[in-house]
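Undergrad: Provide a 3D model corresponding to the input given below.
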Amino acid sequence: MHPNATGANASTFEQFLSQHLERDLLRFTTAGSVDDGKSTLIGRLLYDSKAIYEDQVQSIRQSALNRSTGPMDFSLLTDGLRAEREQGITIDVAYRYFTTARRKFIIADTPGHEQYTRNMATGASTADAAVVLVDARKGVLPQSRRHATIAALLGIPYIIAAVNKMDLIDYSEEMFRRLEGDLEELALQISPSGAQIIQCIPISALEGENVVTRSTKIPWYAGPSLLEYLEEIPIADASSPEALRFPVQYVIRPDDSFRGFAGQIIAGSVRPGDRVVALPSKQTTRVRSIVTFDGPLPLAGTGSSVTLQLEDELDLSRGDLLVSEAGLPNIARRFAANVVWLHATPLDVKKRWVMRQATDELRVQATKIRSRIDVNTMERPLAPQLGLNDIGIVEFEATRNLSFDLYSQNRNSGSFILIDPLTNATVGAGMISENLDKANRRAERELSDARSEAMFQEDISHAASVAVSERARRSGHHPGAVWLGARQSLAAPLERTLFEAGFHVVVIDDAQNPGEWSEGLVRGLYSAGMIVLYSPKYTREKEKHHLTSAIQPDRILDVDSLNQEVGDAFLLQKIVAWVEGLRIARPEEGR
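TA: Okay, here's the model as predicted:
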């Protein structure tokens with residue numbers, strides 16, 4: 001072979017590999033009631049997208065000879081357990097991978113039986129979309145409602161209702177539209193605000209109609225096929241600017257020269273030099289380096305499993321959390337959560353459970369069951385307990401503070417499982433919906449504000465206005481007025497002398513517009529308990545009249561009526577002596 005040909009082939013393969021790796025990945029799960037055709041649908045997707053080998057096809061053809069009414073039983077591509085093949089049902093979660101020219105997919109085939117609801121919740125916990133199958137003949141069954149509700153509670157943004165077995169109802173548009181209306185009503189029951197949308201697509205998984213390509217047997221349906229819709233679903237960018245959440249899984253210390261903290265970034269991203277806060281200690285430090293097997297990284301984002309070296313020696317262990325300094329999570333002992341109960345023994349509010357959240361483990365106790373969801377009506381009646389496969393809102397109290405985000409904000413740091421400490425069985429899965437410590441503080445603050453407002457209203461309803469005599473006792477002297485008239489030069493030294501003597505004194509002169517010297521101004525200053533020195537540049541009888549009209553005569557000193565032939569010093573002493581007569585003796589001075 002020519003060397004150039006070898007180089008061209010290598011280059012073509014590298015381009016192909018690069019294009020393959022650059023395709024985005026969509027994780028989706030199948031859900032619905034038993035025998036709705038979930039495994040058959042996935043088998044058809046794998047077969048029609050040419051994602052299985054010929055020897056697998058031959059093996060399935062041989063296994064299906066005595067069981068399938070069609071050319072092959074597609075469900076055997078995912079139902080791999082012996083018990084599953086013998087009974088024709090799905091028991092465990094089966095993950096399958098396939099790719100198209102536009103996108104890579106990971107499918108979680110989950111069981112439909114009610115007793116395996118826990119497996120459905122497990123498979124849906126990491127999904128970006130959920131395909132809920134509905135048998136066109138049977139309609140929306142309770143288990144389909146339950147699975148759709150769980151998918152919505154798990155925060156799966158896209159729920160697709162694949163109305164299967166359309167071939168058995170002759171591809172009837174009328175029956176499909178009836179089911180479409182029922183599913184739209186279910187979407188509104190799940191989310192009354194209309195935030196949750198269920199996309200309805202008619203298919204026949206066994207016949208392959210409208211699964212990978214659009215069907216000619218459904219001319220009245222103008223929408224995309226199931227695969228076309230899955231290829232169009234937008235995927236959240238893993239590098240979006242979320243606050244960092246890095247649960248410490250393991251401390252790596254091979255020798256004295258290295259100390260690192262291993263784990264997986266469940267939200268946000270981190271770079272060397274970023275400031276982080278360690279929880280629960282609340283110590284701050286910086287990231288020195290991001291270490292991986294392949295070498296250091298300049299940036300690590302959501303989903304990356306890395307080892308972080310810190311600039312400071314912090315005492316961290318498994319279960320601790322490194323977070324962004326600018327985006328701290330909730331820190332509380334009490335919280336509320338949507339819980340899917342997965343055990344035959346009902347939830348006991350008196351019993352303590354082991355709660356596992358990310359890498360952290362602690363003991364919690366259910367303090368109150370607020371409500372339980374009725375999957376038939378989607379109502380939330382009060383309930384004394386949660387039984388197997390029930391979904392409800394439960395309040396918990398932990399033995400210590402835990403760090404978490406609300407599930408609506410971060411699925412990874414807002415979810416948890418409950419474990420029976422005696423049997424080690426997983427009994428429940430939860431999605432945190434509320435920080436009760438913060439809610440209680442807000443309620444206490446609102447109650448305190450309401451009480452303060454009530455006390456204030458009570459006080460003001462009984463309060464009387466402040467009398468002149470009360471202000472006089474507070475200031476130590478009666479109010480009064482001094483009309484300086486032509487002796488305006490006395491204003492500044494007289495104000496200083498009286499101020500130093502402890503009187504509340506103010507000068508009113510031509511700095512204020514004489515037109516503003518109303519009787520109301522005079523009365524207001526008098527009521528405030530002030531000694532007022534009126535010093536007009538020119539004698540104005542109108543302004544003097546305001547004084548005599550508003551103030552009792554024995555509290556007014558008219559300097560114009562005094563001997564004008566004496567000097568300013570003697571006159572100042574005269575005025576000060578008169579003002580001293582307005583002083584009120586203190587109780588201790590009277591003894």
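Undergrad: which SS class is Leu571?
TA: Secondary structure, DSSP: H, G, I helix; E, B strand; the rest coil: Leu571 is helix.
Undergrad: okay, and the helix or strand of the protein with the least pLDDT?
TA: Ranked by mean pLDDT, DSSP states H and E, the weakest helix or strand in the chain is helix 82-87, scoring a mean of 43.
Undergrad: Who are the packing partners of the next helix or strand after it?
TA: Downstream of helix 82-87, the next assigned helix or strand under DSSP states H and E is strand 94-99. Strand 94-99 is packed against helix 38-48, strand 104-109, with contacts defined by 3 or more C-beta pairs under 8 Å, 6 or more residues apart in numbering; DSSP states H and E. (Each C-beta comes from the backbone N, C-alpha and C, glycine too.)
Undergrad: and among these, the most buried is which?
TA: helix 38-48 (a mean of 24; mean count of other C-beta atoms under 10 Å).
Undergrad: Show me how far that one is from its chain's centre.
TA: Once both centres are worked out by C-alpha atoms, centre = their mean, to the nearest Å, helix 38-48 turns out to sit 38 Å from its chain's centre.
Undergrad: What are the boundaries of the strands in the stretch 451-591 of the chain?
TA: Secondary structure of the stretch 451-591 of the chain by DSSP state E, counting those that start in this stretch: the strands cover 480-483, 505-509, 531-535, 556-558.
Undergrad: Single out the most deeply packed of those.
TA: Stretch with highest mean neighbour count among those: strand 531-535 (a mean of 24; mean count of other C-beta under 10 Å).
Undergrad: got TSV for the strands of the stretch 451-591 of the chain, with distance to Ala108 and mean pLDDT too?
TA: Formatted as TSV, these follow (distance: least, C-beta to C-beta, whole Å; pLDDT from 0 to 100):
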stretch	distance to Ala108	mean pLDDT
strand 480-483	91	84
strand 505-509	83	84
strand 531-535	87	82
strand 556-558	95	83
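Undergrad: so which of the ones you listed gets nearest Ser305?
TA: Across the strands of the stretch 451-591 of the chain, Ser305 has its closest neighbour in strand 505-509 (75.8 Å, C-beta to C-beta).
Undergrad: Measure how that closest one sits relative to strand 531-535, angle-wise.
TA: If you take axes from the mean of the first three to the mean of the last three C-alpha atoms, to 10 degrees, strand 505-509 sits at 20 degrees to strand 531-535.
Undergrad: Which strands or helices does strand 505-509 pack on?
TA: Going by 3+ C-beta pairs under 8 Å, 6+ apart, strand 505-509 lies up against helix 491-500, strand 531-535.
Undergrad: partners of that strand in the sheet?
TA: strand 531-535 (parallel) (DSSP bridges).
Undergrad: quick one, the strand it pairs with and helix 491-500 angle?
TA: 170 degrees.
Undergrad: So, low pLDDT: which residues of the stretch 201-350 of the chain?
TA: Along the stretch 201-350 of the chain, the parts satisfying pLDDT under 70 run over 236-241.
Undergrad: which one of the strands of the stretch 451-591 of the chain lies closest to Thr99?
TA: Across the strands of the stretch 451-591 of the chain, closest to Thr99 is strand 505-509 (C-beta to C-beta), at 87.8 Å.
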